[in-house]
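>>> this one's sequence-less:
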């Protein structure tokens, strides 16, 4: 794998019904209400939104998400990513005896010039930054679903 290619896999347990989790995850416009690292969302059309994300490190990412799959009966979601990150994100919303499991897989390549340039020395920091962002997302979604 090249320095600017990343693969992430996260599993979130959420003590909420599967349909509530699915509905929250597809409601991208409301991410800033529960995910502190998603600073802004701008809807482009019915299938596309532009997100501005910033976690702990002092840089933001502008990412355009375009829906490729959304199937409530199977719990499968997939989006194409363009902008500062290019690639894909897939998610499965699965029943769990005590709620729902959300499995997220991301395959991306960094396109932002500064981050590409810093990758040889800063890759471990980028990985840690991503982990913090995902942890805060899980915590925020859990709070929103149980409120």
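In hand now; what should we look at? These numbers were taken from a predicted model, which means no experiment stands behind them. Residues are numbered from 1 along each chain as shown.
>>> list the contacts of stretch 55-62.
The list of residues contacting stretch 55-62 from outside it, by C-beta atoms under 8 Å, 6 or more residues apart in numbering, reads 37, 39, 50-54, 83-85, 112, 114-115, 125-126, 128-130, 132-133, 136. Glycine gets a C-beta too; all of them are placed from N, C-alpha and C.
>>> of those, buried ones?
For the contacts of stretch 55-62, burial is judged from neighbour counts taken by 16 or more other C-beta atoms under 10 Å, and it is met by 37, 50-54, 84-85, 112, 115, 126, 129-130, 133, 136.
>>> for the strand or helix carrying residue 94, name the packing helices and strands.
Using DSSP states H and E, residue 94 sits in strand 85-96. Of the remaining helices and strands, those touching strand 85-96 by 3 or more C-beta pairs under 8 Å, 6 or more residues apart in numbering; DSSP states H and E are helix 18-26, strand 61-71, strand 76-83, strand 99-110.
>>> which one of the ones you listed lies closest to residue 147?
The closest of the helices and strands packed on strand 85-96 to residue 147 is helix 18-26. By C-beta to C-beta, the value is 11.2 Å.
>>> buried residues in that closest one?
18, 20, 21, 22, 24, 25.
>>> now do the end-to-end distance for stretch 52-67.
Length of stretch 52-67, first residue to last, C-alpha to C-alpha, to the nearest Å: 17 Å.
>>> give the buried residues for that stretch.
Buried residues in stretch 52-67, defined by neighbour count with 16+ other C-beta under 10 Å: 52, 53, 54, 55, 57, 60, 61, 63, 64, 65, 67.
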